[in-house]
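Chemist: how would this look folded up:
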Amino acid sequence: MARAPNIITGEVRTLVCDLHARGYSTVKIAREVTAQGVRVSQQSVWQYLTRRSNLPDIQQAIQKYRSDPLAEEVAHKRVRLADINTERKKVIATLERYTDDKGAYIEKKVSKALYALKRLIEIEVFARDEMEKKPDLLAALWEKMGPYSELTDADLKKQYGVIERKLLVIRQGGPVGKADGLDRQGTEEEG
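Modeler: Take a look at the predicted model:
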């Protein structure tokens, strides 16, 4: 396999400086530049970024990035919500792997399922905060799926507390069962 060139010139300099200003690692910068059609190695990116003569270009890119944060995708609410939804779908897929054919949690996976449920609640709360407490807009943004998609904020907080208690019982090595509010069918607490 041929080695990547060690010289960074022209438009590649601008791209390297911009990616560095955004916080990319030298490995990720090398990948991005290579994806743009110019092969560079991680070593050459590092050499470019640490060379004193390139400091003015790097500082200029950092200043430009800091002066216009809305030019970055992450500053746009729609992009952040799409990322949140992607993470949410991953957690739901993980939860589905922890269930058997009947929808009950696999006994050896109860602890992992509870951690996934806790993460799902955190994502739901964060998404609602992102939407400025307008869950109806959030519901329009992503399809209704998952065990917490239609709960109110108060119900989410209550469910979060239930999961925290169950995790505490598991961490202490106690038995988890119906007495602890965790039946094999899911997270419903019996009252």
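Chemist: Check which element follows the worst-scoring helix or strand of the chain on mean pLDDT along the chain.
Modeler: Ranking every helix and strand in the chain by mean pLDDT, DSSP states H and E puts helix 135-141 at the bottom, with a mean of 53. Next helix or strand after helix 135-141 toward the C-terminus (DSSP states H and E): helix 153-171.
Chemist: helices or strands up against that next one?
Modeler: Secondary-structure packing of helix 153-171 (3 or more C-beta pairs under 8 Å, 6 or more residues apart in numbering; DSSP states H and E): helix 110-130. (Glycine included, C-beta is placed from N, CA and C.)
Chemist: Okay, domains of the protein per the record?
Modeler: 10-71, 76-180 (automatic domain parsing).
Chemist: Can I get those in a markdown table including mean neighbour count?
Modeler: Compiled in a markdown table, the domains of the chain are given as follows (neighbours: other C-beta atoms under 10 Å):
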| stretch | mean neighbour count |
| --- | --- |
| domain 10-71 | 15 |
| domain 76-180 | 15 |
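Chemist: ok, and the closest non-adjacent residue to the most centrally placed residue in the chain?
Modeler: The centroid of the chain falls nearest to residue 87 when counting by C-alpha atoms, centre = their mean (5.3 Å). The spatially closest residue to residue 87, leaving aside those adjacent along the chain, is residue 123, at 5.8 Å (C-beta to C-beta, 6 or more residues apart in numbering).
Chemist: Against residue 13, how distant is the residue of the chain most remote from its centre?
Modeler: Centroid-distance maximum for the chain: residue 53 at 36.7 Å, with C-alpha atoms, centre = their mean. For residue 53, the distance to residue 13 equals 11 Å [C-beta to C-beta, to the nearest Å].
Chemist: Got phi/psi on the residue lying closest to residue 100 once chain neighbours are set aside?
Modeler: Distances taken as C-beta to C-beta, 6+ apart place residue 106 nearest to residue 100, at 5.6 Å, with adjacent residues excluded. Main-chain dihedrals, residue 106, degrees, to the nearest 10: phi -70, psi 130.
Chemist: got a pLDDT number for residue 106?
Modeler: The model reports residue 106 with a pLDDT of 82.
Chemist: Enumerate every residue touching it.
Modeler: Applying C-beta atoms under 8 Å, 6 or more residues apart in numbering, one finds that residue 106 lies in contact with 98, 99, 100.
Chemist: Perfect, that will be all.
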